[in-house]
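A.B. asks: I would like the atomic coordinates for the input below:
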Amino acid sequence: MTGFCVIAADSARARFFLAEESAAPRAPLKLVERETLENPDLRTLGRSVTGRPRTETNTNREAGPMHPVGAQRERHRVELERRYALRMAGLAGNITHTWKDGTVLLVADAKLLGLVRGPLRKVLPARIELKELAKNHAHLTPAELRDELVAGKIMPG
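C.D. replies: Residues are numbered from 1 along each chain as shown. Alright, predicted model coming up:
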């Protein structure tokens, strides 16, 4: 089976679309959303158990100087995004494991592309081509996404 899969992702959600034939004469292919992967870790990042934002305010003068925790938070955020990228790659591998050949197009911002690229190449069979587009189109409808990709000559029309 030859396939064309589009993964439109941002740090909160990844949407998996498959290209299917359409009866419309102007658009022989349409994108159909098959899976959605949410990143629940991102919603709780930076929040306490009460739902209030965590702060670094030191109100106790006897406690000494405040240690900056911004660096640890950034490392923690990158680790959460790396785990999200691994889950995204695993789902893409499940979608494409029966394909004889095809293309997976990853559409995300540059930072997320860098995190997903390695794990995705590991799970995709050698006969599946991986293409990338450094744009955030995760919010677009399937028709809008298809039109953007056709206009950019990334997807056959």
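A.B. asks: Distance from the chain centre to the helix or strand Leu113 falls within, please.
C.D. replies: Using DSSP states H and E, Leu113 falls within helix 110-123. Here helix 110-123 is found 9 Å from its chain centre; the criterion is Cα atoms, centre = their mean, to the nearest Å.
A.B. asks: start at 27 instead
C.D. replies: With 27 as the first residue, the last one maps to helix 136-149.
A.B. asks: Keeping just the C-alphas, turn it into CSV.
C.D. replies: Below are the C-alpha coordinates for helix 136-149, written out as CSV (Å, rounded to 0.1, in the frame of the first residue of the first chain):
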residue,chain,number,x,y,z
ALA,A,136,11.8,24.1,14.0
LYS,A,137,12.4,23.1,17.6
LEU,A,138,9.8,20.3,17.5
LEU,A,139,11.2,19.1,14.1
GLY,A,140,14.6,18.7,15.7
LEU,A,141,13.2,16.7,18.6
VAL,A,142,10.9,14.4,16.4
ARG,A,143,13.3,13.9,13.4
GLY,A,144,15.6,11.3,15.0
PRO,A,145,12.9,9.1,16.7
LEU,A,146,10.7,9.3,13.6
ARG,A,147,13.5,8.1,11.2
LYS,A,148,14.2,5.2,13.6
VAL,A,149,10.6,3.9,13.5
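A.B. asks: Give me the contacts around that helix.
C.D. replies: If you take Cβ atoms under 8 Å, 6 or more residues apart in numbering as the criterion, helix 136-149 is touched by 35-37, 104, 107-108, 110-112, 114-116, 118-119, 130, 132, 134, 156, 158, 160. Where you see a C-beta, it was placed from the backbone N, CA and C, and this is true even at glycine.
A.B. asks: let's see it at 6 Å
C.D. replies: Where contact means Cβ atoms under 6 Å, 6 or more residues apart in numbering, the residues beyond helix 136-149 that reach it are Ala35, Glu107, Arg108, Ala111, Leu112, Met114, Ala115, Ala118, Gly119, Glu158, Ala160.
A.B. asks: CA atoms only for the next helix or strand after that helix, dumped as PDB, please.
C.D. replies: Once the chain leaves helix 136-149, the next helix or strand it forms, by DSSP H and E, is strand 154-160. Extracted in PDB, the C-alpha atoms of strand 154-160 (Å, rounded to 0.1, in the frame of the first residue of the first chain):
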ATOM      1  CA  ILE A 154       9.000   5.400   3.600                       C
ATOM      2  CA  GLU A 155      10.300   8.900   2.700                       C
ATOM      3  CA  LEU A 156      10.400  11.500   5.400                       C
ATOM      4  CA  LYS A 157       9.800  15.100   4.400                       C
ATOM      5  CA  GLU A 158       9.800  18.100   6.700                       C
ATOM      6  CA  LEU A 159       8.200  21.600   6.700                       C
ATOM      7  CA  ALA A 160       9.100  24.100   9.400                       C
END
